[in-house]
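>>> fold the stuff below for me.
(chains A and B)
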Amino acid sequence: MISPRYHRDIPQRYRLEGGKCTKCSYIAFPPRLVCPKCKSKSFEPYHLSREGKILTFTIIKVGPDKFSKETPYVVAIIELNDGARLTTQVADCDVERVALGAKVKLVFRKIQDEGKSGLHCYGYKAILL
Amino acid sequence: MRDVAVVGVGITKFGELWKDSFRDIFVEASLKAIENSGVDHIDSMYIGTMSSGLFVGQEHVGAVMADYLGVAPIPATRVESACASGGAAFRSAFFEVASGHSDIVLAGGVEKMTDGADVTEALATAADQEYEVYHGITFPGLYAMIARSYMHDYKTTREQLAAVAVKNHKNGSMNPNAQFRSPITLEQVMKSTMVANPLRLLDCSPVSDGGAAVILASLDVAKKLKRPFIKIKASSQSSDTIALHSRESLTSLKCVSVAAEKVFKQAKLKPKDISFAEVHDCFTIAEVVVTEDLGFFEKGKGGEAAEKGMTAIDGKIPINTSGGLKSKGHPVGATGIAQIIECYEQLTGQSGERQVKKAKYGLAQNMGGSGASCIIHILEAV
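Residues are numbered from 1 along each chain as shown, chains lettered A, B, ... in the order given. So this is what the prediction gives:
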């Protein structure tokens, strides 16, 4: 992760800021310039719901070098209560309790490091409710 | 648009080719294809490679390969669509010949994955870098999430997924260019190391080096060469959201069903008319889902079909007679071209003990990422 690129994504990663299409109410996360549903270019700022449920998940046993010290870790696709979806880790969990449909909430966590001497990179992870 | 033929093919051994460089692998496959076709020149070429920049630090691949194949100054272009790069190169070459702009075009694919790069990280660039990969997902992980949803919705068993790997290794054992020529058992798959739950090592295609090339030509040229050739019956391509989590379905690949509908319409054929298919089995679950989305099986029945032998060489619709990505190997950029080569060999009766009887139409389905792009070709015996 390179610093300017990381900086650009802070509103989404730290504050779950997306966009809502003013024509069809599609929630874009991250924000987009064009609505994929109705092709409108008009969005209003929108904050995602912080709670939702697990749609599917995996337990990563073999990770990329950057995450290799953290294996095994759970990654899931979460559907938030407002219908928006995202991919994130499920943290602090007993792996046995992770299940399809399990209720979760998003919390602020460190995600990775920018190389050995760069920034700590933060964002959202899910925890089981 | 005029008819286009595949008039010659060349492929390297797939596997860990420690002695061979990125460029040498491509040149070896291309020289074989040129010799096999009997053409005395090529007008241009397209090279599919997914991530030469990350794997070997080399971009500007068109120029490198034209130089080392000794064909400069002809036009040479690198084409990229992640794991579907080979298919995209083939489609580009097809259009160039079909349009009448060129008579003889080489389409190749190559990847050198064992030169020391972090392969998991390089492959992950085919997913959404900022909103999937940032959180630690891997490619086996993405397909594992598809598998978990799919197995839940359709009650497909772990054994049924494993049956795909067993079948593909059996086919690959008969393919002299395959990376793994060893048959495997259901038990070996079920007990292999967990990579991304529920997918195990033997559910995954391997890390491979390899190159493949084919020569496309107009029908006039093909007839004059007096060597075996096949016709390209139809070509289609589609795209979908880059992130798996944005898709309408987690158990079906819309990019495949959309491209399939287009390709069958163009060919004026139905799935039942296809004699055999090479599909993108980067993971066992991918073959199951793809064979359904291509229309060979009802939704939810793909696993059962594999388990019952319906996709074996002597089955209802033979799938991945080459051994597929799973056993033949998956040098990413080369895969789409290698699929065309299997179709060529089957349709010209050169597949030896893997030969499908009375093969008339072959289908090649090449896919990028977790299903964000798909390229399908239907090839016809002449």
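
>>> for the rest of this, base every contact and every neighbour count on C-alpha atoms.
Will do.

>>> look up how far A:Thr88 lies from B:Gln241.
Actually, residue B:241 is Thr. It isn't Gln. 17 Å (Cα to Cα, to the nearest Å).

>>> so those two - more neighbours on which side?
Neighbour count, other Cα atoms under 10 Å in any protein chain shown: between B:Thr241 and A:Thr88, A:Thr88 has more, with 25 against 18.

>>> quick one: the more buried one from A:Pro64, how far?
16 Å.

>>> so which residues on chain B come close to chain A?
Chain B comes close to chain A at residues B:118, B:120-121, B:131-132, B:134-138, B:141-142, B:144-146, B:148-149, B:194-198, B:245-246, as judged by Cα under 8 Å from any Cα of the partner chain.

>>> now B:Ala277: closest residue in space that isn't a chain neighbour?
B:Leu363 (4.5 Å; Cα to Cα, 6 or more residues apart in numbering or on different chains).

>>> B:Thr49 now?
B:Gly333 (4.0 Å).

>>> tell me who's in contact with that neighbour.
Contact analysis of B:Gly333 by Cα atoms under 8 Å, 6 or more residues apart in numbering or on different chains lists B:48-50, B:80, B:82-86, B:109-111.

>>> isn't A:Ser42 right up against A:Gly19?
No: if you go by Cα atoms under 8 Å, A:Ser42 and A:Gly19 don't touch, sitting 9.2 Å apart.

>>> which one's more surrounded, those two?
A:Gly19 (23 against 15).

>>> would you check how far apart A:Glu96 and A:Lys61 are?
15 Å.

>>> which of these two has more residues huddled nearby?
Neighbour tally, A:Glu96 and A:Lys61, criterion other Cα under 10 Å: the higher count belongs to A:Lys61, 19 against 6.

>>> returning to what we had before: burial of the residue nearest to B:Ala277, as a residue count?
Neighbour count of B:Leu363, defined by other Cα under 10 Å: 28.

>>> what distance do you get for it to B:Ile232?
For B:Leu363, the distance to B:Ile232 (Cα to Cα) stands at 10 Å.

>>> give me phi/psi at A:Lys110?
phi -80, psi 140 (degrees, to the nearest 10).

>>> what sits against it?
By Cα under 8 Å, 6+ apart, the neighbours of A:Lys110 are A:120-124.

>>> per-residue pLDDT of A:Gly115, please?
Looking at A:Gly115, its pLDDT is 80.

>>> before we move on, back to that, backbone phi and psi for the residue nearest to B:Thr49, please?
Per-residue torsions, B:Gly333: phi -60, psi -30 (degrees, to the nearest 10).

>>> confidence score at it?
98.

>>> swap in B:Cys204?
B:Cys204 is given a pLDDT of 98.

>>> ok, the closest residue to chain B within chain A - how many residues close by?
Nearest residue of chain A to chain B, counting by Cα to the nearest Cα: A:Ile60, 4.5 Å away. Neighbours of A:Ile60 under the rule other Cα under 10 Å: 28.

>>> identify the bridge partners of it.
Beta-bridge partners recorded for A:Ile60 (DSSP bridges): A:Tyr73, B:Ala196.

>>> that older thread, now the contacts of B:Gly333 as a markdown table including secondary structure and pLDDT?
Formatted as a markdown table, these follow (DSSP: H, G, I helix; E, B strand; the rest coil; pLDDT from 0 to 100):
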| residue | secondary structure | pLDDT |
| --- | --- | --- |
| B:Gly48 | strand | 98 |
| B:Thr49 | coil | 98 |
| B:Met50 | coil | 98 |
| B:Glu80 | coil | 98 |
| B:Ala82 | coil | 98 |
| B:Cys83 | strand | 98 |
| B:Ala84 | coil | 98 |
| B:Ser85 | helix | 98 |
| B:Gly86 | helix | 98 |
| B:Gly109 | strand | 98 |
| B:Val110 | strand | 98 |
| B:Glu111 | strand | 98 |
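
>>> in chain A, which spans are strands?
Here chain A has its strands, by DSSP state E, at A:17-21, A:27-28, A:43-47, A:51-60, A:73-80, A:85-90, A:103-113, A:120-128.

>>> nearest to B:Trp18, out of those?
strand A:51-60 (28.8 Å; Cα to Cα).

>>> which elements pack onto that closest one?
Applying 3 or more Cα pairs under 8 Å, 6 or more residues apart in numbering or on different chains; DSSP states H and E, we find strand A:51-60 packed against strand A:73-80, strand A:103-113, helix B:139-154, strand B:194-197.

>>> distance to B:Lys224 for these - can I get that in CSV?
Converted to CSV, those look like this (distance: least, Cα to Cα, whole Å):
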stretch, distance to B:Lys224
strand A:73-80, 56
strand A:103-113, 60
helix B:139-154, 45
strand B:194-197, 51
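
>>> tell me which of the ones you listed sits most buried.
Of all the helices and strands packed on strand A:51-60, strand A:73-80 carries the top mean neighbour count, a mean of 26, counting by mean count of other Cα atoms under 10 Å in any protein chain shown.

>>> could you say what helices and strands that strand packs with?
strand A:51-60, strand A:85-90.

>>> pLDDT on that strand, on average?
Strand A:73-80 comes out at a mean pLDDT of 98.

>>> residues contacting it, please?
Surrounding strand A:73-80, the residues in contact under the criterion Cα under 8 Å, 6+ apart are A:48-61, A:85-91, A:95, B:135-137, B:141, B:145, B:245.

>>> one more time with 7 Å, if that's ok
A:49-60, A:85-90, B:137, B:245 (Cα atoms under 7 Å, 6 or more residues apart in numbering or on different chains).

>>> out of those residues, which are buried?
Neighbour counting with 16 or more other Cα atoms under 10 Å in any protein chain shown marks A:50-60, A:85-90, B:137, B:245 as buried within the contacts of strand A:73-80.

>>> and the nearest residue to B:Val7 once chain neighbours are set aside, how close does it get to chain A?
Spatial nearest neighbour of B:Val7, excluding adjacent residues (Cα to Cα, 6+ apart): B:Phe229 at 4.6 Å. Distance of B:Phe229 to chain A, given as Cα to the nearest Cα, to the nearest Å: 43 Å.
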